[in-house]
Structures are given as structure tokens and as C-alpha cells.
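Visitor: My questions concern the predicted model and sequence given below.
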Number of protein chains: 2
Amino acid sequence: MSTLAIVGATGAVGTTMIDIIDSRESVPWSEIRLVASARSAGKKLTVRGREQTVLELKPEVFDGVDVALFDVPDEVSAEWAPIAAARGAVAVDNSGAFRMDPDVPLVVPEVNAAETANRPKGIIANPNCTTLSMMAAMGALHRAFELKALVVASYQAASGAGQAGVDRLYAELSAVAGQPVGVRAGDVAGALSAAGLSADSPFPAPLALNVVPWAGSVKDDGWSSEELKVRNESRKILGIPDLKVSATCVRVPVVTTHALAVHATFGSEVSVDKARAVLAAQPSIVLRDDPAAGRWPTPADVVGEDPTWVGRIRQALDFPNTLELFVCGDNLRKGAALNTYEIAETVVTSG
Amino acid sequence: MSTLAIVGATGAVGTTMIDIIDSRESVPWSEIRLVASARSAGKKLTVRGREQTVLELKPEVFDGVDVALFDVPDEVSAEWAPIAAARGAVAVDNSGAFRMDPDVPLVVPEVNAAETANRPKGIIANPNCTTLSMMAAMGALHRAFELKALVVASYQAASGAGQAGVDRLYAELSAVAGQPVGVRAGDVAGALSAAGLSADSPFPAPLALNVVPWAGSVKDDGWSSEELKVRNESRKILGIPDLKVSATCVRVPVVTTHALAVHATFGSEVSVDKARAVLAAQPSIVLRDDPAAGRWPTPADVVGEDPTWVGRIRQALDFPNTLELFVCGDNLRKGAALNTYEIAETVVTSG
């Protein structure tokens, strides 16, 4: 029997993590420790029917811990994951601090579970939520058809920016929902200001009745950090160092579930039927692809779902060996908490 | 002095058309006739300061008309544009009825104005609003760098489905805006049902707090009509019959202004600086591209604007001669009414 620690247990992802642990019986943890910053320490949360007091993040909380899950800001992970590892825990980290470290595996269990054993620093990284939304599908298609290139446009949910993002979206929606109905209504900034909303937002522009083509920080040559993560993390997870990737990351006024429009080019011949057969055989994928019956995935369908939903599979008319797909994944579950926990399960069950 | 007729004057695009005519002095029309179905005939609307009674659509309304603008359903255009042409008017049609007819030019004045003179049927077609959102930018870049391929993902506004689409989006927003705030909140369908909203919607799935990867009708092999329009109309307007195009069309909860994430590959060497110089020189394009200063276009910025706004210009890291761009265009203005009216101006001023 093993001991689990959850660092960042009181956040949006931490809360989802507890839901997931409650619903999965695969690992009979002897103890589950909930850990958070001093501000949240002392709160009471119930896990697997047992009320727990949230502990303050200190080196001693990792003593006797087998696996420590981290969902905290990059700088907190950078400091504390090595401390957990030094105390003997395997640290599974959902921040960006270690993802591209060559001595830290970046794992999606359906794609590269074996990498969890290769952890010289005692740390395993969980991918960015946008990348994760398509990895189960892309991994399966890569095994079958040899992936060569990805062109991706994202439709990213507000909860990717945490609870603050969700609160802001609802506040903005309340401000614009009562506006006069007209086709020209577009003065979102004016409506937010009239409703007394502060300009201080987790998003760099109004999100209600709008889409915002920016997520993350500014990198060289006009790229956002989020877009480069999609490229670099996809290459590492899939084990294709020269995979061609271009991503445009866009925030949309959706609470939860990231969607991606994916243009995927393969090294061998593909067809819609072959791709459907490959995807339908994956336990962690739901194929929902029958436009004539109005069946394709939308974010609202996928909230709270563990699998990645895939639909709108089309053979590109003008690009050889290329498929178009529309993929939806709950960014708090498979995109964050679920995949992190699946890594923990893999570590414990594979010894 | 010429006479103009506007058929469909009382719809969302027709109303925008009247705003545009009021704001542009380029053509001093001697008479402007407003025309609509029997249901809307008799209404009073003011154009260029003169109150007009909307006339019922009948063959005689086209007598003495030089240019007749049509914004009506495909089947109405299919029947009535030829009648207008037979009575001596040049019919400029914003429906899908004639766009791919080889004897009907498909015109974006910045790109192929000269085609307006080549109209054996007396009909000129206005492109689909999604295609139009990027044509001014793509035409300018094609002249400079020889466009070869486009991979496009759209973020399409509700008003693309007319006033009914706008009304539905606001009704849905009112139903969901008061929901309990939570990261797991995603039961949009439940909230709409609880608010008493009918399942009868212009959209094939809930649009509030959601994105819907479908627009138009079902075509072969899983493609939507909207996606094939982007391909076929881009080829015809740009005069590149073998242009490679893949589009994924997605509706988003925005009132007005379509946005497109565009991955564009060229035959000659491109750079971000060269592309910016080309786009900045176009009078109908606003370049808004400085991520470090938080400057890129969003749909809310562009509502009511005539130009196409372009930003997020990046050189693809792994694809040669390829740029990524994010383009926003008001789907009721340049995407519909403005371009239609610009065609009329071209016809009249070029004789």
C-alpha cells in the first residue's frame, strides 16, 4: 500500500483530482495527504469518504510519500518537486517547470507509459492541457500511420486560467447578457465598463462575446508560450523530434473543455475509415462522427468526461495523407488532473 | 445618375447595407429602391435622409434599375436575379446560388475588380462571408508571394445565421449567465431547457458557453457546405484553380465578426516583415500585430469596421515559406453588405 500527496489540493485542478480519486478504485492508497500553501492550510476536504485537514507545504509532508502530485505555479514546482523527490517521493508535476527537461519524462500513459520508469530526477512531468487534449488521438494515429506534421488551431476554455478565469467569464457574461439585442452589438468593453467590471482580468482582452488569440507569455518572433508548448511537448511525448507543428492558440468563452481543429499529415496512406477504426479501438477515445445525424463533439458535451472525443474526421481534399479532425478534451480532467493521476497509477502499479 | 435596388432590405445584411450607403458618398444614386418579400413590404426605412416605403418583390421593381443588390435566400436569388438582369439591371447577389457558375464572376474588388466587366448573365456574385473575411489579406499576399496552400480554422459569429442567430445567442446567454459559478459548469443544454428555451435553434447545438464545429449543410465525405465554399470560392476569387485548401468551420458565441486562424504557404520566400509591409500598404487592411503590447485583433474590436484586421503574423517554424495569421472581418460589413455594395460602386464607376 502506497501513500499519495496532492500539492495544490484546493485549486481548480486539485478539486477535480479529488473527484477523480474518489471515482477510481485502481490504487488502494493507504494514505492520501492534501497539501497547499499556508493560506489554504487548515481547510477540511473529504477524499474517499475520509475528511482530511489540508497540510501546509513543508519538506516533512513528503516523508513516507510514494507519489506526490503537484498542481501549483511553475516557480513553486521548480522549488518543491525536487524536495519531494529528495525525500523519496516520485513527483508528478503539472506545471511547466520540468516538461522540457531531458532528464524528466513527459508522459501521457496511452502514448508513452514506459517512460515513467525513466526518471533520473525522481520527477515526471504532465503535459500542458492544450497539448494533452489531442495526444491520446494523435498517439494512436501515429502508431498506425506515422505522424509527420500538425497544423492546429485551438478553442481554449476559460478554466485553463483557473478558477479566476471562470469567475471572470461569468462576470463578463452577466454584464453583456442583458444588452440590447442587435446584430451590431459588439461593444463588449463598453458593457463590461458600464457593469463596473475591473480591467484587471486573467485574460488580456474581453472574453464574453469575443475570442482572444492569445494564451501565455510572449516568446520570440510573435509566438505565444502556449503555441510553442504545443509544438515542443507534442514532439517529446510522441517521440518525433522532427515533427512539424504550427499552432494558433485562441481563448473562447467556454467554461471547461478545450477543443482543437487539427490538420494532421502522415507518412503512410490514411483514410477516414482506417482512422475511425484506429480511434474506435482506443478505450480513452470516444468517436462521435456522423454529421448527417448532427453528431460531432462540442465542448459542452465533454465537460466531466474522461475520454477525448473526436469527430469531423475528413480526408483533406488537396493534401496527401492528411486528415482533418475536431478533438475535445476536458482540460481539467484528461487535460490536467486525470492524466496526472493516471501517471501516479502507472508509477505505483508498475512498481 | 444611376438607380439602385436593394432586395432583402429589411434583413440583417440589408440594414447594414443601408448604413453603409448612408456613410459612403462615392456614388450619387438618383434613386434607391428598397425591396423585400410581401411580408415586409410597406415598412418605412430611411436611406440617405429620405424615407422610403419598402416595395414588394415583383418583376416591375427592376424597371429602370441599373444595379440590384440581392441579400435573400439562395432559392429566391436563383429565381429573381435573372429576372432583374432580364429587365436590364446588373444583379449583385450575396446568396450561394451563382457563386460557382462559370458565367458569373465572384468578386472582391481589392482582388479582382476587373472581373465585374465579365458578366454574360448580367449577374455578379458576392462571396460567402467566411471566405470574404480573409480575401483582402490573401489577395495582397498572393500578389506578392504566390499563394499555394491554405489551412484555415474559423471562429464564426452568430450573425452569420442572421438576426435569428443573434436573438438565439442572446437568449442562450441570458439562460446560462445566472448559473452557479463553477469550473465544472457545463450543462448548457440543461440550463437552456430549464430556462424554457425551445430546442428549435438556428444552430445545431447550444452556442452559449460552447463552440459548434458545424456550419451549413452536409456534403460528401463529412465536409460541411461552408468548408467547401471556403475552398472553392478562394480558388475562384484568387484565380488559383489548384490552390490547396482545407478548412474547418466552427461557430463561436460571438455576435458579429468572423475570425480565421490561417496557415498560408507561398511559392516564394516570405518573412513576417515582408508580409507586414505588404498588408500595411493595403487601404482596406488594418495591421494590428504587436503581442508584447497586447495588440492583435479580436472580433469585438472589429464590429462595425470596414477593413479586415490582421495580426499574430508568425513565420511557421517547421513549414517552408509559410505564415500563420489571425484575421478578423465584420461578417455583416466586408463579409456581406460592404463587399456587395463595393461591387455595385465598381460596376457604376467603371461604366
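Guide: Alright, I've got the coordinates.
Visitor: Distance check, A:K229 against A:A125.
Guide: Taking C-beta to C-beta, to the nearest Å as the measure, A:K229 falls 11 Å from A:A125. Every residue, glycine included, has its C-beta placed from N, CA and C.
Visitor: downstream neighbour of the helix or strand of chain A with the lowest mean pLDDT in the secondary structure list?
Guide: Between all helices and strands in chain A, the lowest mean by mean pLDDT, DSSP states H and E belongs to helix A:188-194, at a mean of 84. Next helix or strand after helix A:188-194 toward the C-terminus (DSSP states H and E): helix A:225-238.
Visitor: The next helix or strand after that next one and chain B in contact?
Guide: Next along the chain after helix A:225-238, taking DSSP H and E as the criterion, comes strand A:244-248. Yes: contact between strand A:244-248 and chain B, assessed by C-beta under 8 Å from any C-beta of the partner chain, occurs at A:K244, A:V245, A:S246, A:T248.
Visitor: Could you do stretch A:43-50 as well?
Guide: No: Stretch A:43-50 lies apart from chain B when judged by C-beta under 8 Å from any C-beta; the minimum separation is 15.5 Å.
Visitor: same check, this time on stretch A:262-270
Guide: Yes: Stretch A:262-270 comes into contact with chain B (C-beta under 8 Å from any C-beta), by way of A:H263.
Visitor: Grab the CA positions of that stretch and hand them over as CSV.
Guide: Extracted in CSV, the C-alpha atoms of stretch A:262-270 (Å, rounded to 0.1, in the frame of the first residue of the first chain):
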residue,chain,number,x,y,z
VAL,A,262,-6.3,19.5,-36.2
HIS,A,263,-4.8,19.1,-39.7
ALA,A,264,-2.6,16.1,-39.4
THR,A,265,-0.3,14.7,-42.1
PHE,A,266,1.1,11.2,-42.0
GLY,A,267,3.9,9.2,-43.6
SER,A,268,1.7,6.4,-44.8
GLU,A,269,-1.6,6.2,-46.5
VAL,A,270,-4.6,7.2,-44.4
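Visitor: So for that stretch, what gets flagged as buried?
Guide: For stretch A:262-270, the neighbour count (16 or more other C-beta atoms under 10 Å in any protein chain shown) marks A:V262, A:H263, A:A264, A:T265, A:F266, A:V270 as buried.
Visitor: out of these, who's nearest B:S2?
Guide: Here the nearest of those to B:S2, counting by C-beta to C-beta, is A:H263; it sits at 45.8 Å.
Visitor: so what pLDDT did the closest one get?
Guide: Listed pLDDT for A:H263 reads 98.
Visitor: With A:D301 instead?
Guide: pLDDT, read off for A:D301, is 93.
Visitor: how close does it sit to B:V188?
Guide: As judged by C-beta to C-beta, A:D301 and B:V188 stand 9 Å apart.
Visitor: neighbour-wise, which of those two wins?
Guide: B:V188 (25 against 22; other C-beta atoms under 10 Å in any protein chain shown).
Visitor: wait, that one sits on B:A194?
Guide: No: contact between B:V188 and B:A194 fails when scored by C-beta atoms under 8 Å: they sit 10.7 Å apart.
Visitor: In a helix, A:A113, correct?
Guide: Yes: under DSSP: H, G, I helix; E, B strand; the rest coil, A:A113 falls within a helix.
Visitor: Neighbours of it, how many?
Guide: 17.
Visitor: what bits of the stretch 51-200 of chain A have low per-residue confidence?
Guide: In the predicted model, the stretch 51-200 of chain A carries pLDDT under 70 at residues A:179-186.
Visitor: for it, what spans make up the strands?
Guide: With DSSP state E, counting those that start in this stretch as the criterion, the stretch 51-200 of chain A has strands at A:55-56, A:67-70, A:90-93, A:123-125, A:147-155.
Visitor: Tell me which of these approaches chain B most closely.
Guide: Chain B lies closest to strand A:147-155 among those, at 3.4 Å (C-beta to the nearest C-beta).
Visitor: Helix, strand, or coil at A:F326?
Guide: strand.
Visitor: residues touching it, list them.
Guide: A:A259, A:L260, A:A261, A:V262, A:W296, A:P297, A:V310, A:G311, A:R312, B:P213, B:T248, B:V250 (C-beta atoms under 8 Å, 6 or more residues apart in numbering or on different chains).
Visitor: Repeat that for A:P283.
Guide: A:P283 touches A:P307, counting by C-beta under 8 Å, 6+ apart.
Visitor: For it, give its distance to A:D22.
Guide: For A:P283 relative to A:D22 (C-beta to C-beta), the value is 21 Å.
Visitor: do the same with A:Y155
Guide: A:Y155 sits at a distance of 29 Å from A:D22 (criterion: C-beta to C-beta).
Visitor: Can you pick out the residue with more neighbours from these two?
Guide: A:Y155 (30 against 12).
Visitor: my guess is the more buried one contacts A:T248, does it?
Guide: No: contact criterion C-beta under 8 Å: A:Y155 and A:T248 do not qualify, at 10.5 Å.
Visitor: what about the closest residue to A:A205 other than its chain neighbours, how many neighbours?
Guide: Once flanking residues are discounted, A:A205 sits nearest to A:V212: 4.7 Å by C-beta to C-beta, 6 or more residues apart in numbering or on different chains. For A:V212, the neighbour count with other C-beta under 10 Å is 21.
Visitor: can you tell me which residues contact the spatially closest residue to A:S37 that is not a sequence neighbour?
Guide: The shortest distance from A:S37 to any non-neighbouring residue, by C-beta to C-beta, 6+ apart, is to A:L57 (6.1 Å). By C-beta under 8 Å, 6+ apart, the contact set of A:L57 is A:V7, A:V35, A:A36, A:S37, A:A38, A:A41, A:V76, A:W80.
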